[in-house]
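> Okay, sequence plus prediction incoming.
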Amino acid sequence: MSKQVTQQQLNIVCVKCGIKLTLGKVTLSYLGSSFPVELYKCSECGLVYIPEELANGKMQQVEAALEDK
């Protein structure tokens, strides 16, 4: 994932807590496999923001590869 940060990403607020999300390490899991990534998350409740382009791009490719195994 690109390290470039858009203005929109800088202003993402947690719906639950109402605080600004910060970039941090999270672990995504699917079908028993785990992947460490840096995404925006809430420092209070841990809610993670997954951008649409990541969900429909790279994550979809990884899901398809794991399901084909």
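Done, it's in.
> Do a quick rundown of the helices in the protein.
7-10, 52-56, 58-68 (DSSP state H).
> what about the second one, distance to the chain center?
Chain-centre distance of helix 52-56: 9 Å, with C-alpha atoms, centre = their mean, to the nearest Å.
> CA atoms only: put it into PDB for me.
Output of helix 52-56 as PDB, limited to C-alpha atoms (Å, rounded to 0.1, in the frame of the first residue of the first chain):
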ATOM      1  CA  GLU A  52     -12.600   0.900  -0.700                       C
ATOM      2  CA  GLU A  53      -9.600   0.600  -3.100                       C
ATOM      3  CA  LEU A  54      -7.900  -1.800  -0.800                       C
ATOM      4  CA  ALA A  55     -11.000  -3.900  -0.100                       C
ATOM      5  CA  ASN A  56     -11.800  -4.200  -3.800                       C
END
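> Confidence-wise, which of the helices of the chain is weakest overall?
When the helices of the chain are ranked by mean pLDDT, helix 7-10 comes last with a mean of 54.
> Surely residue 24 and residue 42 touch.
No: the pair residue 24 and residue 42 fails to qualify as a contact (C-beta atoms under 8 Å) at a distance of 9.5 Å. For glycine as for every other residue, the C-beta is placed from the backbone atoms N, C-alpha and C.
> so where's this structure shaky on pLDDT?
Filtered on pLDDT under 70, the chain yields the residue ranges 1-10, 58-60, 62, 66, 68-69.
> most centrally placed residue in it?
Nearest residue to the geometric centre of the chain (C-alpha atoms, centre = their mean): residue 50, 3.5 Å.
> isn't it right next to residue 39, touching?
Yes: between residue 50 and residue 39 there is a contact under C-beta under 8 Å: 6.4 Å.
> Strands along this protein, start to end?
Secondary structure of the chain (DSSP state E): strands located at 22-30, 33-41, 48-49.
> Reformat these as JSON lines; add mean neighbour count and distance to residue 64.
Formatted as JSON lines, the strands of the chain follow (neighbours: other C-beta atoms under 10 Å; distance: least, C-beta to C-beta, whole Å):
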{"stretch": "strand 22-30", "mean neighbour count": "12", "distance to residue 64": "11"}
{"stretch": "strand 33-41", "mean neighbour count": "13", "distance to residue 64": "13"}
{"stretch": "strand 48-49", "mean neighbour count": "16", "distance to residue 64": "21"}
